[in-house]
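1. Compute the structure for the input listed below.
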Amino acid sequence: MFLKRISLMREQVPDFSQYPFDIPSIASFDQLNLASPVTFFVGENGSGKSTLLEAIADKCGFNTAGGGRNNTYETHAAESELGDYVRLSWMPKVSNGFFMRAESFYHFASHIDELQRDGNDAYRSYGGRSLHAQSHGESFLSLFMNRFNGQAIYLLDEPEAALSPQRQLTFLRIMHELAEEEECQFIIATHSPILLGYPGAQILSFDGGAIEEIGYEETDHFKITKYFLDHREKFLKELLEEE
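-> Got it, this is the predicted structure:
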């Protein structure tokens, strides 16, 4: 592990009534201690998990639109407003890594195409061909298998967005090899009960107005999915016939 602690410099925050400091989980946030090479951020949409992940990426020097330190391009609303008020504690500090945002991955793929057209061998790190020439799921796996390597930190925002359940399992295997054999660290914002099942992962919930560590079986992702699978007909009858 490299990143050990994430702290909010509360004394420097100008106004807790303004976004993003008015998000309950951020407003109550002081510091987080990371205890596993794989950490998951979970919570409902708008709970603050992606906002904090983006701030971490900003402090790491990664492009907050998606990419690493050397990926310079711009997309709308890519600037992190929280990043200036977050402190990261490292042991040791690493500069290698990547921030992947599912929502802006198209723009990142276009950026790689531009680098290739400019004479750089940009495709080499992404399976040898344009990410746009691959299916959405294939392009994600190309990134994970070819761009990710040892002694680095990887920040992923909803990587399951383009992955089928089978490919989510493939990603778990890739992540395990990188974490166990190549000393990589992952912080992942996700809604996937499959990814959350990674053994030994730390799960931090952003629901309930605070950031708290919870167990896998305590997540809504597990409980709702399990109840649906165990009681599908009853679940759907109650849902669809509810007045």
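2. Quick check: residue 186 is in a strand.
-> Yes - assessed by DSSP: H, G, I helix; E, B strand; the rest coil, residue 186 belongs to a strand.
3. gap between stretch 142-162 and the chain center?
-> Chain-centre distance of stretch 142-162: 9 Å, with Cα atoms, centre = their mean, to the nearest Å.
4. Quick one: end-to-end distance for that stretch.
-> End-to-end span of stretch 142-162 (Cα to Cα, to the nearest Å): 12 Å.
5. Return the set of buried residues in that stretch.
-> Buried positions in stretch 142-162, judged by neighbour count with 16 or more other Cβ atoms under 10 Å: 142-144, 147-148, 152-162. C-beta coordinates here come from the backbone N, C-alpha and C atoms, glycine included.
6. what sits up against the longest helix belonging to the chain?
-> In the chain, taking DSSP state H as the definition, the longest helix is helix 165-181. Contact with helix 165-181 is made by 37-38, 137, 140-141, 144-145, 148-150, 154, 159-160, 163, 184-186, 192, 194-195, 197-198, as judged by Cβ atoms under 8 Å, 6 or more residues apart in numbering.
7. Stretch 125-142 now?
-> Against stretch 125-142 from outside (Cβ under 8 Å, 6+ apart): 105, 108-110, 112-113, 116, 123, 143, 145-147, 159, 162-164, 167, 170-171, 174.
8. what pLDDT, on average, does that stretch get?
-> For stretch 125-142, mean pLDDT is 74.
9. One more: stretch 181-196?
-> Stretch 181-196 comes out with an average pLDDT of 96.
10. Start and end of that stretch, how far apart?
-> End to end - Cα to Cα - stretch 181-196 spans 20 Å.
11. Repeat that for stretch 191-207.
-> In stretch 191-207, first residue to last residue: 13 Å (Cα to Cα).
12. got it, and stretch 28-42?
-> Stretch 28-42 end-to-end distance (Cα to Cα) = 16 Å.
13. Quick check: buried residues in it?
-> 29, 32, 34, 36-42.
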